[in-house]
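**Q** predicted model and sequence follow; I will ask about them next.
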Amino acid sequence: MTFETIYQAYWNKIYRLCMGFVNDHELARDLTQETFLTVWQKLSAFRNESAISTWIFRIASNHCLRQMENHKRAPRTNLPDELEDRSEPSNDHRIRLLYKCISELGEMDRIIISLELEDIRQAEIAEITGISESHVRVKIHRIREKLTKKFKQYE
């Protein structure tokens, strides 16, 4: 797989993952670019011990976690007006609300639900996060319950 192919295939997914962490359009773009810079620099060292997507998502998650540590929890309110990759204008409010609710979760919950929303297999989420697959299933169930409650509070 060439870098260009990887970039095109994963840019939107990594951007949305970063948005779930930092809830800031510009910072999410920066973190996405940092992720792909790292991918570019280390692609030749990739050993195929896991799926390329697992490797890329782990790099992105690490960049996001480092960003949060460096800035002592970046503000996670006030979503930007423009979110990339919108499905329908009528869903814009719901998408923004979903990002707001996700941004209020703890760090690990944000990682897990952001990966789940990208249709990443639970086994791969377990590998990315370093927790067991059964624990991922439990966490996803609990996160969905939390998000449902939060969503209802805001609607």
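**A** Thanks, I have it.

**Q** which intervals of this structure have sub-threshold pLDDT?
**A** 71-91, 155 (pLDDT under 70).

**Q** could you redo the last one with a cut-off of 50?
**A** 73-89 (pLDDT under 50).

**Q** kindly list the longest helix within it.
**A** Counting by DSSP state H, the longest helix found in the chain is helix 133-154.

**Q** so which elements touch that helix?
**A** helix 92-103, helix 107-117, helix 122-129 (3 or more CB pairs under 8 Å, 6 or more residues apart in numbering; DSSP states H and E). Backbone N, C-alpha and C define where each C-beta goes, glycine included.

**Q** now the angle from that helix to helix 107-117?
**A** 90 degrees (axes from the mean of the first three to the mean of the last three CA atoms, to 10 degrees).

**Q** list the buried residues of helix 133-154.
**A** Neighbour counts over helix 133-154 (16 or more other CB atoms under 10 Å) mark 136, 139-140, 143, 146-147, 150 as buried.

**Q** what's next to it, contact-wise?
**A** Under the criterion CB atoms under 8 Å, 6 or more residues apart in numbering, residues 97-98, 100-102, 104-105, 108-109, 112-113, 116, 122-123, 125-126, 129, 131 lie in contact with helix 133-154.

**Q** just the CA coordinates of that helix, formatted as PDB?
**A** Output of helix 133-154 as PDB, limited to C-alpha atoms (Å, rounded to 0.1, in the frame of the first residue of the first chain):
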ATOM      1  CA  GLU A 133     -12.000  -7.900  23.600                       C
ATOM      2  CA  SER A 134     -14.600  -8.900  26.200                       C
ATOM      3  CA  HIS A 135     -13.800  -5.700  28.100                       C
ATOM      4  CA  VAL A 136     -14.200  -3.700  24.900                       C
ATOM      5  CA  ARG A 137     -17.700  -5.200  24.400                       C
ATOM      6  CA  VAL A 138     -18.700  -4.300  28.000                       C
ATOM      7  CA  LYS A 139     -17.200  -0.800  27.600                       C
ATOM      8  CA  ILE A 140     -19.100  -0.200  24.300                       C
ATOM      9  CA  HIS A 141     -22.300  -1.200  25.900                       C
ATOM     10  CA  ARG A 142     -21.800   1.100  28.900                       C
ATOM     11  CA  ILE A 143     -20.600   4.000  26.700                       C
ATOM     12  CA  ARG A 144     -23.700   3.700  24.500                       C
ATOM     13  CA  GLU A 145     -25.900   3.900  27.600                       C
ATOM     14  CA  LYS A 146     -24.000   7.000  28.800                       C
ATOM     15  CA  LEU A 147     -24.300   8.600  25.300                       C
ATOM     16  CA  THR A 148     -28.000   7.800  25.200                       C
ATOM     17  CA  LYS A 149     -28.600   9.500  28.500                       C
ATOM     18  CA  LYS A 150     -26.500  12.500  27.500                       C
ATOM     19  CA  PHE A 151     -28.200  12.800  24.100                       C
ATOM     20  CA  LYS A 152     -31.600  12.800  25.800                       C
ATOM     21  CA  GLN A 153     -30.500  15.500  28.200                       C
ATOM     22  CA  TYR A 154     -29.600  17.800  25.300                       C
END
